[in-house]
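Undergrad: kindly return the folded structure for what I paste below:
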Amino acid sequence: MTLSLKEFGYKQAIVIRTDLEMGRGKIAAQVAHAAVSALDDVRKRHRDWAEAWLNEGQCKIVLKVKSEKDLSILEEAARDLGVEANIIRDRGLTQLPPDTATCIGIGPGPTELIDKITRDLKLL
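TA: Residues are numbered from 1 along each chain as shown. You can find the predicted model right below:
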């Protein structure tokens, strides 16, 4: 049985900054960092969310914002709802200066909470 996107009880959102003009490979690496980092924190604080998300098939959505400030706003909104959120900062080895905030991983968590945080964002 395959679930439709609306049937997932848990979801993870990764939100990328578009103002940095990162290459596709750099974006892919940053998304991977965010997904792993966020899951690691959720496993520590909301183990049941992590397990449910993994068992459902790891629903993810990748979205975009225009600035570092937007990432901070999302991080605060997530924390206010009790959802784990991790801003990823680049080490500066390739395209970006060290400590550049590139993206944020939100969740995994209950879909209704993730949607409250990200509902106004556009897909990458």
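Undergrad: and the longest strand along the chain, which strands flank it?
TA: Counting by DSSP state E, the longest strand found in the chain is strand 101-110. Take DSSP bridges as the rule and strand 101-110 pairs in its sheet with strand 10-17 (antiparallel), strand 85-89 (antiparallel).
Undergrad: after that strand comes which helix or strand?
TA: Remark: after strand 101-110, the chain's next helix or strand is helix 111-118, criterion DSSP states H and E.
Undergrad: ok, and what's touching that following helix?
TA: 8-13, 15, 59, 61, 63, 74, 77-78, 81-83, 85, 106-108 (C-beta atoms under 8 Å, 6 or more residues apart in numbering). The way it works is simple: take the backbone N, C-alpha and C, and place the C-beta from them, glycine included.
Undergrad: hmm, which of those are the buried ones?
TA: 8, 10-13, 15, 59, 61, 63, 74, 77-78, 81, 83, 85, 106-108 (16 or more other C-beta atoms under 10 Å).
Undergrad: surely residue 108 touches residue 36?
TA: No: using C-beta atoms under 8 Å, residue 108 is not in contact with residue 36; the gap is 11.7 Å.
Undergrad: hang on, residue 21 is in a helix, isn't it?
TA: No: when classified by DSSP: H, G, I helix; E, B strand; the rest coil, residue 21 is found to be coil rather than part of a helix.
Undergrad: where's it relative to residue 42, distance?
TA: 30 Å (C-beta to C-beta, to the nearest Å).
Undergrad: quick one: which of these two has more around it?
TA: Each of residue 21 and residue 42 has its neighbours counted (other C-beta atoms under 10 Å); residue 42 has more, 25 against 9.
Undergrad: what helix or strand is the more buried one located in?
TA: Going by DSSP H and E, residue 42 is in helix 24-45.
Undergrad: which neighbouring elements make contact with that helix?
TA: Contact here means 3 or more C-beta pairs under 8 Å, 6 or more residues apart in numbering; DSSP states H and E; on that basis helix 24-45 packs against strand 10-17, helix 47-56, strand 85-89, strand 101-110.
Undergrad: thanks again, I'm all set now.
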